[in-house]
Structures are given as structure tokens and as C-alpha cells.
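1. predicted structure and sequence below. I'll ask about it afterward.
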Amino acid sequence: MTDKYKNIVLAGAIAGIAGCAGDFLVLFVFGNYFPGYHQQFNTMSSLGATISPVSSIVSSLWILLGLIFIFFGYTLRKAFSPLTNYLRIASWLVIIYGLGEFVGSGLFKADHIGNTVTKSAVVHGILGTIGITALMLLPLVMQKIISRSSYPDFNRFSWIILVAGIVLLILFNFRFFHPEDNILNKLEGLWQRLFALDLYIYLLFIVYIIIKERLCLQKNLADE
């Protein structure tokens, strides 16, 4: 990180925190205004569906959160030096997550007509899958960026996040392979939220490293 980009990097770090916290804040606050909505049983997408009484505001907030994550992704490439291809890829992975998982979800509602999936829901699912896949790849890329000498356990932490994310994603999608009524399928909302929490813990740790490196840089400049 260079002093030239200190302000935008700090703003990006704050955006990263706001994006992670904002997603859950929207979910748990507005879920209370959807009669019959249960955090552990219902998916996040259903909160923004047309049948939801808070559909419009939630969709708008998702788009806003998407823009926040896009900004965080943009500043990520300025948070570390030198600017390598791995850093560019990491930046784009976060940007794609913001575009697919949030902007896409806000623009295309996960609507169903009876048992029929609408075109909007199909696009919603495709964009969301692209966004989630991008963020899941982030731990593989960040291992090439974060210094092992400064953070010796970061690689192990990255693999734990990745493996936990894969397991939770399998549990969330278990209903597609075994559609019968069982406790794993009923708790799809829980698995989805734990999956998001897993990835957000990783993003927040990256934010922690960025802020820590920023403070160290500021101290070094002050001592010169």
C-alpha cells in the first residue's frame, strides 16, 4: 500500500465492513416485516421476491450493497503492493460478487408462479451463482497476495474458510439432490446464512489486514 492511496484504501476498508454488516442487517431487520418469514427456513432471495411486503426496499438496498462491494473490490487492488495479476484477479472477484449476488438479485427477483420458475428467477439464480463462485475463489487467490512472513497462518485460515464454505454450500443445495422432506432441506435458510457468514469472516479479516498495514505505513511515515 502506498501513502498516495491511503484515503481511498481506508474508505474501501470501511465499505467492506459496511457491506458485510449491511447484508445481515437488511436480512434480519426486514425479515421481521414479512409475516411467516423464518430466518432458518427461508432463503434470502425470498425476502426480495414480489410476494414479499418489503420487496422493493430490500431489492433497492441489495443494489446499494452491491455498489458498496464493487467499491471495496476496486480499492482492494490499491491496498497491497505491488499490483500483481493475483491482486487484479482478487479485485475482480469481489467486484463480480457485488454485481452478481447483490445488483443482480436486486434487479431480478426470485419469483415463482406456482411450481414454475420465472425467467427473472432464472437470471437471479445464474447471476447469484456467478457472484458466489467468484467470492469462493477469493481464498485461493489471496494466499498469493498476503505475505506468509507477516501472516503465517493465513494460508491455513484460507483453506478452512474455503472447505467450510463448500460444506455449507452442499448442505444448502442438498434439497436439489434429495428433494424429500428432511431436516437438512428445512434448514436451507440456516445453511445459506452460515455460508454468507463464513465468507464475510474472510472478507473482514482481509479488511483487518488492510487497516493494520495502513496504520503501520502511517507510523513508518511519521517516524521518517
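-> Cool, got the structure. Numbers count the residues shown, from 1 in each chain.

2. so which residues of this protein form helices?
-> 6-30, 55-79, 85-97, 104-107, 119-142, 154-172, 174-177, 183-186, 188-223 (DSSP state H).

3. may I see the buried residues of the longest one?
-> Put plainly, it is helix 188-223. Within helix 188-223, the residues that count as buried by 16 or more other CB atoms under 10 Å are 188-200, 202-207, 209-211, 213-214. Backbone N, C-alpha and C define where each C-beta goes, glycine included.

4. tell me the angle of it relative to helix 6-30?
-> Counting by axes from the mean of the first three to the mean of the last three CA atoms, to 10 degrees, helix 188-223 lies at 160 degrees to helix 6-30.

5. kindly report the same for the second one.
-> Relative orientation of helix 55-79 with respect to helix 6-30: 150 degrees, computed using the same axes, to 10 degrees.

6. show me what helix 55-79 is packed against.
-> If contacts are counted by 3 or more CB pairs under 8 Å, 6 or more residues apart in numbering; DSSP states H and E, helix 55-79 sits against helix 6-30, helix 85-97, helix 104-107, helix 188-223.

7. would you confirm that S45 contacts S105?
-> Yes - S45 lies in contact with S105 (CB atoms under 8 Å); the separation is 6.5 Å.

8. intersection of neighbour lists for the two?
-> Common neighbours of S45 and S105 are listed as H124, G128 (criterion: CB atoms under 8 Å, 6 or more residues apart in numbering).

9. ok, those two, which is more surrounded?
-> Neighbours of S45 and S105, each counted by other CB atoms under 10 Å, are more numerous for S105; the result is 26 against 20.
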